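Participant: Could you look at this predicted model? Sequence included:
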Amino acid sequence: MRFRKSKEPQKHKHATDHRSQHEHEQVPVTQTQVTPGLQDRIEETAKLLGGSTDLGIRTFRLGPAGELLIGVLFLDGLVDQARVQDVQETLSLQAEKEGFAKQALKEQAVIEWAQNAITVGDVKRATDLQAAAQSLVSGETVILFDGCQELLSVTTSAPEHRAVSEPVTQTVIRGPQEAFTETLRVNTSLVRRKIKDPNLWMETKQIGKVTKTDVAIMYINGLVKESVLQELHARMDRIQIDGILESGYIEELIREQRYAVFPTVNNTERPDVVAAALLEGRVAVFIDGTPFVLLMPTVFIQFFQAAEDYYHLSDFGVLRLLRLTSFFLALLAPSLYIAITTFHQEMLPTSLLISLAAQREGIPFPAFAEALMMEITFELLREAGIRMPRAVGTAISIVGALVLGQAAVQAGLVSPAMVIIVSITAINSFVFPNYAISIATRVLRFPLMLLAATFGIFGIIVGMLALLFHLTSIRSFGVPYLTPFSPFVWGDQKDALVRWPREVRVGQKGGKAE
Amino acid sequence: MDNGKISGHQLMILTMLFTMGSSILVVPSGLAGTVQQDAWLPVVVGIVVTLALSWFYLYIGSLYPDRTLVEIIEKLFGRWVGAPITLLFIVVAFCVGSGSCLYYLGDFMTTQIMPETPIQYFHLLYILLLIQGTRLGLETLARSAEILFPFFLLLVIAFIIFVSPQIETDRLQPMLEAEFKPILQSTLSYVSFSGFPLIFMLMLTPACTDRGKRLQKKFLLGNLIGGLLILITTILCVLVLGVDATSRSMYPNYALARKINLFNFINRIEVIMAIIWFVSLFFKIVVYFYAGVLAMAQLLRIENYRVLTFPFGMMLYVLSLMVYPDSSFMRHWDSTIWVPLIATFGLVFPLLFVAVAIGKKFLTR
Amino acid sequence: MAAFTVLAAALAVAWIEVPSLRKRKRRKELWVFAFFLCVATGLNVLKALDVEIPNLFQPINAVYKPVSDLIEGMLK
């Protein structure tokens, strides 16, 4: 009997902490005193948890004469000890004050009495021990009553959580400096605090056969498109998976296309971005255990809209054009270099051509091999920089700078122009406000380089057309990915390529500043 | 059929690209050859004729709205007489139309831009793109065209602006010297490239959300823009290159783009300008291909035309390499056989359709 | 060699198309697909083996030659 072992420290703890005036009523009950009915059920519950050692069990009698025997079960570490004690205290206090009449010990009456007596947390009734075990692992305290089929579970959870801190992946200069944490409730409250409207609705699901991860779907009733919501529910209900450990699991499982290169679900760790998306009628999906919240439907241009675009004056919104340019550069810079140096040298001004040719003279590789080599090296460095412990990170960057910047050029392996191209590609791929889109550019860069090496500019055009077809064909929850450009929506253009200035209505009759 | 819907605007762009398609590459040269500096005149006449033809085709379409060309043929002639006619249309759209356009592309690439790469590889690459686009459906194609449209216009405008410093206006002089018959011949040649093939757009128009007058407006507008772009390039070719160089060069547009030289900095960007022709040619081929595949699917009454794309793509590969043994045959074919061939399908058959439709109406009354 | 490439391509195409068609029980489409794939593969193999394939344009040429000559005569 493993659970007996865990009982000891609990009893001890109770005894030391709780030298209150009702101590004598709570006679620490040894095993022999527990009636077989209650004992069996406690054991059965413990067995459901595999006799896990973090299960705390206390049995004690309530009432002036100890008329009622109850068992209190909880998982140590998941519960707030003070709240568990609160529950026990209130029960014994109430019991002592009121006492138990004969008929009050009947099944229904006891449960109802206890349910009323407990003032802490959310109290639920259940009969199934399986449900009791489920409650235990969610951090609830289960109370069993002797001679009573029903049981109570009280929310007493006190999960460990990190304090709200600054965003790490999506930083801004101006704007809220708070980011989601790993706790679902904290995250939803961060958004609730921004949108104080009763129409901000939330539905909760549990996904994952084993992990039973809490997933919250948040939207603003009246703004959200019903069809999107229904589709989301349908897709979530279809999910068959053992565990959800990050929002990425859900993202991949609710996508429309299995093979879309581009992300059709956005993610963010910023509450303000979620609030803005909700106000646009989008749906947010919070997953317990990760600070990254999913937003849908998502279209292409949203990956270029930084939160800050809306916080500075609209002049800042022009930067979006810069980001779009970066997208194409990050995608195409090496391919264009390959195509031009291999097939279309005439496009370069003569002086540039001569200097390029001079640089490339001693290079033993064709431009494609040179570019491939350098791009792969860069990707490796980047990957190493992320995986390595922080302390080694600087070493990586030194090696990178030396290898990429100097040694390779001096050794005559690559041309200085190629180094510039790789740097341009690298810088451009760091510009996007959302990391997800830069993955797409990294993946697509290499096939485009191959096309450029075989067919020159023509190959790039074919590749870009293929990419365009792909982009126009994919959808995010029924919304075409390239909205509002195709299908073209006039009204949305003021927040597409650039952010248009907000309309100023100050001073107009009956108007208000927006 | 789950081909999605296209908007009037998208149809307009597709029509424009289809009108320009191969014509913009080859028409100026032929016209300059027959009517010299008056090359613009047949284009103007041709545009008018093409507009009339478009109106006529749309009239046929309006006889049975919501039905594609194949379905109209079946309605008019029944299944058994209709099938051979449809088959002929498929052969023309698929083998002759997309096959020859693809050959233009390969020929253009191998003779002008990348002479070292074998022509097969260009065809293969383009066919793969073609299959991808067709499989993704008409809606995807139309919306892609819609996105490309601004870039396309930007390129065309840049092209015109960049070339314009080289214009020598006296190259158009003396004006209106050409005689009637050569003008008629050149007009016919223009219409055979830009006008008659529009009959195949009847496979696409039922997918348009616009109907009646609105559809007509968009279709004619697309047609007109395409025609005007051809007109502009033709005039520019004559103005910049002169009649001789235009008629002698195989692809005068490309020769024109080579002339671009701004401040000695923006020069030799003809490859960038060639994007205009890549794109328009692609859309011309894809419309032909789509029309052919869809027609075959409707003829065989199979629900999804997509199963045909791969086999037809493979066939197109062989056909496109085979149809023109060489460039000289291409010129011969284009100037002699192509005109009556496409006229049969763009004029004789449509007239027949209308006659049968009117006859049927008369009989039922 | 080239012929084998063609066959490999044909197999790849079949591998892409057939499973979904079979799953959806589209017998007719399956037959049509098989027929055209065979034709296409045959054409490509012949092409790969450098067998002379009769050019489709020749018969068209023969049919339209008189018409073309007539037009030419009229416009000359």
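Facilitator: Good, I have the coordinates.

Participant: Residue 49: neighbour count?
Facilitator: Let's take chain A. Counted with other CB atoms under 10 Å in any protein chain shown, residues neighbouring A:Leu49 total 18. Just so you know, the C-beta spots here come from the backbone N, C-alpha and C atoms, and that holds for glycine as well.

Participant: ah, I was thinking of chain B
Facilitator: Count around B:Val49 with other CB under 10 Å applied: 19.

Participant: quick one: contacts for it?
Facilitator: Contact partners of B:Val49, counting by CB atoms under 8 Å, 6 or more residues apart in numbering or on different chains, are B:Thr187, B:Val191, B:Gly195.

Participant: can you tell if the helix or strand of chain C with the lowest mean pLDDT touches chain B?
Facilitator: Least confident helix or strand of chain C, by mean pLDDT, DSSP states H and E, is helix C:57-75 with a mean of 78. Yes: under the criterion of CB under 8 Å from any CB of the partner chain, chain B is reached by helix C:57-75 at C:Phe57, C:Ile60, C:Asn61, C:Tyr64, C:Lys65, C:Val67, C:Ser68, C:Ile71, C:Glu72, C:Leu75.

Participant: residues touching the closest residue to the third one other than its chain neighbours, list them.
Facilitator: Leaving aside its sequence neighbours, C:Asn61 sits nearest to B:Ile337 (CB to CB, 6 or more residues apart in numbering or on different chains; 5.5 Å). Taking CB under 8 Å, 6+ apart as the contact definition, B:Ile337 lies against C:Phe57, C:Ile60, C:Asn61, C:Tyr64, C:Lys65, C:Ser68.

Participant: B:Ile337 belongs to a strand, doesn't it?
Facilitator: No: applying DSSP: H, G, I helix; E, B strand; the rest coil, one finds B:Ile337 to be helix, outside a strand.

Participant: Now the stretch 251-365 of chain B against chain A: closest residue?
Facilitator: Relative to chain A, the nearest point of the stretch 251-365 of chain B is B:Arg268 (4.3 Å; CB to the nearest CB).

Participant: Near chain C, which residues of the stretch 1-150 of chain B? Just list them.
Facilitator: Selection of the stretch 1-150 of chain B residues close to chain C by CB under 8 Å from any CB yields B:Val91, B:Cys95, B:Val96.

Participant: Which of the residues you listed fall in helices?
Facilitator: In this view, the residues of the stretch 1-150 of chain B next to chain C have no member that belongs to helices under DSSP state H.

Participant: Counting neighbours, what do you get for A:Thr377?
Facilitator: Neighbourhood size, A:Thr377 [other CB under 10 Å]: 16.

Participant: Test for you: state the pLDDT assigned to it.
Facilitator: pLDDT, A:Thr377: 86.

Participant: What are the boundaries of the helices in the stretch 301-450 of chain A?
Facilitator: Here the stretch 301-450 of chain A has its helices, by DSSP state H, counting those that start in this stretch, at A:319-342, A:350-360, A:367-387, A:390-400, A:408-410, A:416-429, A:435-473.

Participant: Please name the residues that touch the residue positioned nearest the centre of chain C.
Facilitator: Nearest to the mean C-alpha position of chain C, by CA atoms, centre = their mean, lies C:Ala40 at 4.5 Å. Contact partners of C:Ala40, counting by CB under 8 Å, 6+ apart, are B:Phe310, B:Pro311, B:Phe312, B:Gly313, B:Met314, B:Met315, B:Val318, C:Ala10.

Participant: and which of the residues you listed is nearest to A:Gln130?
Facilitator: Proximity of these to A:Gln130, judged by CB to CB, is greatest for B:Phe310, which lies at 53.3 Å.

Participant: wait, isn't that closest one in contact with C:Glu17?
Facilitator: Yes: under the criterion of CB atoms under 8 Å, B:Phe310 makes contact with C:Glu17 at 6.5 Å.

Participant: For the contacts of B:Ile337, pick the one with the most neighbours.
Facilitator: Neighbour counts for the contacts of B:Ile337 (other CB under 10 Å) peak at C:Phe57, which has 23 neighbours.

Participant: Now find how far off-centre stretch A:117-126 is within its chain.
Facilitator: Mean C-alpha position of stretch A:117-126 versus that of the full chain (CA atoms, centre = their mean, to the nearest Å) differs by 31 Å.

Participant: Tell me who's in contact with the residue of the stretch 51-200 of chain A found nearest chain B.
Facilitator: Nearest residue of the stretch 51-200 of chain A to chain B (CB to the nearest CB) works out as A:Gln170 at 27.7 Å. Neighbour list for A:Gln170: A:Ala179, A:Thr268, A:Glu269, A:Arg270, A:Val273, A:Ala307, A:Pro433, A:Asn434 [criterion: CB under 8 Å, 6+ apart].

Participant: So for it, what's the pLDDT?
Facilitator: pLDDT, A:Gln170: 86.

Participant: what's the spacing between the closest residue to chain C within the stretch 251-400 of chain A and A:Val443?
Facilitator: The minimum distance from the stretch 251-400 of chain A to chain C, using CB to the nearest CB, falls at A:Tyr259 (12.5 Å). Distance of A:Tyr259 to A:Val443, computed by CB to CB, to the nearest Å: 12 Å.

Participant: between these two, who's got more neighbours?
Facilitator: Set side by side, A:Tyr259 and A:Val443 show more neighbours around A:Val443, with 12 against 7, by other CB under 10 Å.

Participant: Return the distance of the spatially closest residue to that one that is not a sequence neighbour relative to A:Ile437.
Facilitator: Distances taken as CB to CB, 6+ apart place A:Val261 nearest to A:Val443, at 6.2 Å, with adjacent residues excluded. Distance, A:Val261 to A:Ile437, by CB to CB: 10 Å.

Participant: what's the pLDDT at B:Phe353?
Facilitator: For B:Phe353, the pLDDT comes out at 90.

Participant: Up against chain A, what does chain B have?
Facilitator: Near chain A, when you scan chain B using CB under 8 Å from any CB, you find B:7, B:9, B:109, B:113-114, B:117, B:121-122, B:125-126, B:129, B:132-133, B:136-137, B:140-141, B:143-144, B:146-148, B:264-265, B:267-269, B:271-272, B:274-275, B:278-279, B:282.

Participant: Mind checking which of these are in helices?
Facilitator: Short answer: the residues of chain B next to chain A in helices (DSSP H) are B:9, B:121-122, B:125-126, B:129, B:132-133, B:136, B:140-141, B:143-144, B:146-148, B:271-272, B:274-275, B:278-279, B:282.

Participant: Under the pLDDT cut-off, which ranges of chain C? List them.
Facilitator: C:75-76 (pLDDT under 70).

Participant: tell me which parts of it are close to chain B?
Facilitator: Residues of chain C lying close to chain B (CB under 8 Å from any CB) are C:9-10, C:13, C:16-17, C:21, C:26, C:28-30, C:32-33, C:36-37, C:39-41, C:43-44, C:46-47, C:53, C:55-57, C:60-61, C:64-65, C:67-68, C:71-72, C:75-76.

Participant: hang on, the earlier thing: spatially nearest residue to the residue of the stretch 251-365 of chain B closest to chain A, not counting backbone neighbours?
Facilitator: Spatially, and ignoring its direct neighbours in sequence, B:Arg268 is nearest to A:Glu346 (4.3 Å; CB to CB, 6+ apart).

Participant: mind checking which helix or strand A:Phe74 is in?
Facilitator: strand A:68-75 (DSSP states H and E).

Participant: again, but for A:Arg255
Facilitator: Using DSSP H and E, A:Arg255 is not contained in any helix or strand.

Participant: how many neighbours does it have?
Facilitator: By other CB under 10 Å, 19 other residues sit near A:Arg255.

Participant: cool, B:Trp277 as well?
Facilitator: Residue crowding around B:Trp277 was assessed by other CB under 10 Å; the count is 21.

Participant: Helix, strand, or coil at the nearest residue to it once chain neighbours are set aside?
Facilitator: Excluding the flanking residues, the one nearest B:Trp277 by CB to CB, 6+ apart is B:Leu25, at 5.5 Å. Judged by three-state DSSP, the three-state class of B:Leu25 is helix.
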